[in-house]
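Asks: Structural data only, the sequence is not supplied:
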């Protein structure tokens, strides 16, 4: 059953992209912005997802098991946590202390995500309002 939503999403995305490229009122840089924002969104998402991994750089683990001084970051056992959507990576200690690992990357992700979704939404709107423009 998961194949049906994926297929529907691909069809809607394809129609939105075709509608965006056929939109007569948008400048060329807006119509082609999706082609550079989608890869940047994916790279930013991947950067956030691996930010809590101690395997990448074990000597500089992002979530140290023992804080430098007692009470500076947290006390007790620590876990690196990442959530896929919305993308977020943080360290969580036993006492409830949370330390964000990638606040700047999260902001960039949402900027790139908006720069992808808004033009595609305009393209989908154009495709639904004027379906014959997609035939050209």
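Replies: All right, it came through fine. In this text, all values refer to a predicted model and were calculated from it rather than measured experimentally.

Asks: hang on, residue 78 packs against residue 90?
Replies: No: in this structure, residue 78 is not within contact of residue 90 by CB atoms under 8 Å, at 10.5 Å. C-beta here means a position set from N, CA and C on the backbone, and glycine is covered the same way.

Asks: Report all helices and strands that the helix or strand bottoming out on mean pLDDT in the chain contacts.
Replies: One helix or strand of the chain scores below all others by mean pLDDT, DSSP states H and E: strand 78-83, with a mean of 76. The contact analysis (3 or more CB pairs under 8 Å, 6 or more residues apart in numbering; DSSP states H and E) places strand 78-83 against strand 88-93.

Asks: tell me which residues in the longest helix seen in the chain are buried?
Replies: When the chain is parsed with DSSP state H, its longest helix is helix 103-129. By neighbour count with 16 or more other CB atoms under 10 Å, helix 103-129 contains the buried residues 105-106, 108-109, 112-113, 115-116, 119-120, 122-124, 126-127.

Asks: what angle separates the least confident helix or strand of the chain from strand 88-93?
Replies: With axes from the mean of the first three to the mean of the last three CA atoms, to 10 degrees as the basis, strand 78-83 and strand 88-93 are set at 160 degrees to each other.

Asks: give me the number of residues near residue 5?
Replies: Using other CB atoms under 10 Å, residue 5 is surrounded by 9 other residues.

Asks: Surely it is within a strand?
Replies: No: secondary structure of residue 5 (DSSP: H, G, I helix; E, B strand; the rest coil): helix, not part of a strand.

Asks: What does the pLDDT read for it?
Replies: Note on residue 5: pLDDT of 88.

Asks: quick one: which helix or strand includes residue 85?
Replies: Assessed by DSSP states H and E, residue 85 sits outside every helix and strand.

Asks: And for it, the neighbour number?
Replies: Neighbour count for residue 85, taken as other CB under 10 Å: 8.

Asks: likewise residue 14?
Replies: Using other CB under 10 Å, residue 14 has 11 other residues around it.

Asks: Let me know the next secondary structure element after whichever helix or strand it is part of.
Replies: Residue 14 belongs to helix 3-22 when assigned by DSSP H and E. Downstream of helix 3-22, the next assigned helix or strand under DSSP H and E is helix 28-32.
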